[in-house]
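Engineer: Predicted model and sequence follow; I will ask about them next.
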Amino acid sequence: MDASAAGSPTIRIVLADDHAVVRRGLELLLEAEEGFEVVASVGDVQAAIRTTRGHKPDVLVLDLNMPGGSSLEAIPQILEASPGTSITVLTMQDEPAFARKALGAGALAYVLKEAADDELVEAVRRAAAGQTYLNPQLGARMAAEPPQPSGPPDDLSQREVEVLRMIALGHTNAEIAESLYLSIRTVESHRAHIQQKLRRSSRADLVRYALDHGLVER
């Protein structure tokens, strides 16, 4: 029976993983589920951003380790480009720190590849409904660890942290604007706010601050 005819709308999914064989296996797994439709399949971070913006799927299944940039840093960009999309991270990274960062960036579900056959369908279904899903074993490890400090330093927004990190890495305003899909004027505004909040005006001071706070590696 067609899912929409039964009163359950089709869940439209984009797959992002840099291994074609993995993507094909995931596609077969998901489309075997009634009411699931894989609308696109891509292999790098920038393609994931572009494709999600174009298709605006219900769910993006996102691998953390792909060429073309940082998947973690791309999560806020993807959500900004397609606010109606929920992100399910599918990864081999079983460290609680990665799960915290992914969920903190805006992902709703975190599934380990080793458990994909058992958990991915449920995770996608929950994410599409706006609910969270976390691999149970990983969730238990996270609960057993002491709480970690959260939030950007000195009242910086997440976007301002992204801009500051790129400034510290030597990118121009134009390069930052292109990378983050912002206008140059918006980047200049973020930069002014950063300087005001941190009371630092020179690029050298901003670089030193980013290094001291672990926003970039020495």
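Structural biologist: Good, I have the coordinates.

Engineer: can you tell me the helix or strand for the most centrally placed residue in the chain?
Structural biologist: Geometric centre of the chain, nearest residue: Ile75, 2.2 Å, by C-alpha atoms, centre = their mean. Assigned by DSSP states H and E, Ile75 falls within helix 71-81.

Engineer: which residues make contact with the helix or strand following that helix from outside it?
Structural biologist: Counting by DSSP H and E, the next helix or strand C-terminal to helix 71-81 is strand 86-91. Residues outside strand 86-91 that contact it (C-beta atoms under 8 Å, 6 or more residues apart in numbering): 17, 26, 58-65, 71, 75, 78-79, 98-99, 102, 106-113, 116, 120, 123-124, 127-128, 130, 133. Where you see a C-beta, it was placed from the backbone N, CA and C, and this is true even at glycine.

Engineer: Among those residues, name the buried ones.
Structural biologist: Buried subset of the contacts of strand 86-91 (neighbour count, 16 or more other C-beta atoms under 10 Å): 17, 26, 58-64, 71, 75, 78-79, 98-99, 102, 107-113, 116, 120, 123-124, 127-128, 133.

Engineer: Give me the contact list for the helix ranked longest in the chain.
Structural biologist: When the chain is parsed with DSSP state H, its longest helix is helix 184-198. Identification of contacts with helix 184-198 by C-beta under 8 Å, 6+ apart yields 154-156, 159-160, 163-164, 167, 173-174, 176-177, 180, 182, 201, 205-206, 209.

Engineer: I only care about these that end up buried; give me the PyMOL line for that.
Structural biologist: Selection of the buried residues among the contacts of helix 184-198 in PyMOL, burial being defined by 16+ other C-beta under 10 Å:
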select buried, resi 156+159+160+163+164+167+173+176+177+180+182+206+209
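
Engineer: Now do the helices for this structure: every range, in order, please.
Structural biologist: 20-31, 45-55, 71-81, 96-105, 116-128, 136-144, 158-168, 173-180, 184-198, 203-212.

Engineer: pLDDT below threshold where in this protein?
Structural biologist: The model of the chain has pLDDT under 70 over residues 1-8, 145-153, 217-218.

Engineer: how's it carved up into domains?
Structural biologist: Structural domains annotated on the chain: 11-144, 153-212, as defined by automatic domain parsing.

Engineer: just those domains: most buried one?
Structural biologist: Most buried of the domains of the chain by mean neighbour count (mean count of other C-beta atoms under 10 Å) is domain 11-144; its value is a mean of 18.
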